[in-house]
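Chemist: Mind folding the following:
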Amino acid sequence: MPGHLDGWSPVQFSTLIPGLSARSRATSEPDTPDELLPTDQRSGRARILPITAAAVALVLAGGSAAFAHAQKSVTLDVDGEVTNLSTFAGSVDGLLEDQGVVVGARDEVSLTGALPEGADIVVRHAHQVAVSIDGQETSVWTTALSADEALDSLSARGQAVALVASRSAAGGRPELSLDLALHGPADVLVDGTTLAVPDADARVAQVLGELGITLNPLDRVSVVQSDTGRVQVVVNRVAVQDVTSTHEVAFASTTQQDASRYTDQKRTLTAGAPGVRTLVERVTTVDGVESGRVTLSDAVTQAPVDEVLSVGTKARPVVTKTPVAKTPAATGTPVTAGGDADSLNWAALARCESGGNPTAVSSTGKYHGLYQFSVSTWQAVGGAGLPSQASPEEQTARAKMLYNRSGAGQWPHCGKNLFT
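Modeler: Numbering: from 1, shown residues only. Below you'll find the model as predicted:
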């Protein structure tokens, strides 16, 4: 195939190719019969007929040699179909018209004008094909006879070229107006494997059908050349799926003032709960790799519940201690605490016994201070005066002494808090 006849022409719209006009032949009116003519005309005509017949005989005899000389033997190649012809046509246009070959504006003919003896006439009809050039899809015209020939034409320009096979409405067959290769093998790349096609002189749909490859509705088919120039049919598996995901929506927190509570006190009026945001996306994958993601909907499907806290506004009263004159006898013995008691949770025990108030006194007046000592127990660990009048530090130290002597059983209800 003469490669110099291949041509590419990018187009925006399909162009109808007008055909060459057929020859018209004029038809003469029938002669008037002799019997209907006047006598003088019939006799004149009779004289003319022998002269005419003689003239015709002379022309035929003299022109037979010239007529035979006009006959030519030529070769006509139309899109790879080669025919040897004997013709009386005097021009290439006449030969093509006699053979019913219609040539459009985008088609190519190797010879024009007069038709010489032994001429080789090559006609290539243009095809409009979809191509992807450096990732941009467009339409072009080509006179190539096969896909490999067409790819050669563009790849020579240093561009990444692929022929894109369209999908027919009936059955979704991949359609490409060119055979894969006129001579030689090709490969089909599908589902991570390479399948060899020994004879690729066929259309894409035929090759895939022979290999038993089934195309899904969204699959793409293209034809490219490998680095070695081998034709490759690439089948890309395309899947589109709607994916739903949920995401947490944080809740807000508000406060309400409570004059009945102290400033360091607060409580939860309404527990907060997160909401739910539902996102629906359409995800496209090509051969299992995500190639696109489009948001279909994004809405809060469960509203969050805001947290409401009650915060006290009342200031705690300041407790003023009345100094107590102490005699040497009321000083008490030195504190000898420590040991295992130092590692216990004395603050928790104090909250349980007295609410953490070092001056607290029970309603009966029997128990005093942070740890609700009785006076006798207080004195047993070296305390003087009332426990509720001693400093919090002394009260805690003597409580530790009591624990080291007698254990947590001295606080039957709250002693367990020491170990929290």
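
Chemist: And the helices in the stretch 251-400 of the chain?
Modeler: 346-354, 375-380, 392-406 (DSSP state H, counting those that start in this stretch).

Chemist: Specify the angle between the longest one and helix 346-354 in degrees.
Modeler: Here helix 392-406 points in a direction 90 degrees away from that of helix 346-354 (axes from the mean of the first three to the mean of the last three C-alpha atoms, to 10 degrees).

Chemist: Pull out the buried positions in helix 392-406.
Modeler: Across helix 392-406, burial judged by 16 or more other C-beta atoms under 10 Å covers 394-404. C-beta here means a position set from N, CA and C on the backbone, and glycine is covered the same way.

Chemist: go on, stretch 353-363?
Modeler: 353-354, 358-361.

Chemist: Which two of these have the greatest separation?
Modeler: With distances taken as C-beta to C-beta, the most widely separated pair in the buried residues of stretch 353-363 is 353 and 359, at 13.0 Å.

Chemist: Walk me through the domains of this structure.
Modeler: What automatic domain parsing lists as the domains of the chain is 127-236, 243-314, 330-419.

Chemist: The longest one: end-to-end distance?
Modeler: End-to-end distance for domain 127-236, by C-alpha to C-alpha, to the nearest Å: 25 Å.

Chemist: What mean pLDDT does it get?
Modeler: For domain 127-236, the mean pLDDT works out to 83.

Chemist: Next: stretch 401-420.
Modeler: Stretch 401-420 comes out at a mean pLDDT of 89.

Chemist: still on that earlier bit, format the helices of the stretch 251-400 of the chain as JSON lines; extra columns: distance to residue 107.
Modeler: Output for those, formatted as JSON lines (distance: least, C-beta to C-beta, whole Å):
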{"stretch": "helix 346-354", "distance to residue 107": "100"}
{"stretch": "helix 375-380", "distance to residue 107": "120"}
{"stretch": "helix 392-406", "distance to residue 107": "109"}
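
Chemist: ok, back up a step: which member of the buried residues of helix 392-406 is positioned nearest residue 211?
Modeler: Set against residue 211, the nearest of those by C-beta to C-beta is residue 403 (88.4 Å).

Chemist: residue contacts, the residue nearest the centre of the chain?
Modeler: Centroid-nearest residue in the chain: residue 292, 1.8 Å away (criterion: C-alpha atoms, centre = their mean). Residue 292 sits next to 283-284 when contact means C-beta atoms under 8 Å, 6 or more residues apart in numbering.

Chemist: if you set the cut-off to 10 Å instead, what comes out?
Modeler: Contact analysis of residue 292 by C-beta atoms under 10 Å, 6 or more residues apart in numbering lists 240, 281-286.

Chemist: Which member of the residues you listed is positioned nearest residue 181?
Modeler: residue 286 (25.8 Å).

Chemist: I'd say the closest one and residue 237 touch.
Modeler: Yes: Residue 286 is in contact with residue 237 according to C-beta atoms under 10 Å; the separation is 7.2 Å.

Chemist: Quick check: neighbours shared by the two?
Modeler: Here residue 286 and residue 237 share the contacting residues 218-220, scored by C-beta under 10 Å, 6+ apart.

Chemist: Which of those residues has the largest number of neighbours?
Modeler: Within those, residue 219 tops the neighbour count with 19 neighbours, counted by other C-beta atoms under 10 Å.

Chemist: Correct me if wrong: that residue contacts residue 233.
Modeler: No: using C-beta under 10 Å, residue 219 is not in contact with residue 233; the gap is 12.0 Å.

Chemist: joint contacts of these two?
Modeler: Counting by C-beta under 10 Å, 6+ apart, the contacts common to residue 219 and residue 233 are 174, 190, 213.

Chemist: from those residues, which single one is nearest residue 257?
Modeler: Minimum distance to residue 257 across those is 71.8 Å, recorded for residue 190 (C-beta to C-beta).

Chemist: so how far is residue 349 from the closest one?
Modeler: 77 Å (C-beta to C-beta, to the nearest Å).

Chemist: Among these two, which residue is more densely surrounded?
Modeler: A side-by-side neighbour count of residue 190 and residue 349, using other C-beta under 10 Å, places residue 349 first with 26 against 20.

Chemist: what pLDDT does that one get?
Modeler: 93.

Chemist: show me what contacts it?
Modeler: 356, 370-372, 396, 399, 403, 408, 411, 414-420.

Chemist: quick one: which of the residues you listed is most hemmed in?
Modeler: Most crowded among the contacts of residue 349, counting by other C-beta under 10 Å, is residue 399 at 29 neighbours.

Chemist: Quick one: residues contacting that one.
Modeler: Residue 399 neighbours (C-beta under 10 Å, 6+ apart): 337, 341, 344, 346, 349-350, 353, 369-373, 377-378, 381, 387, 410-411, 418.
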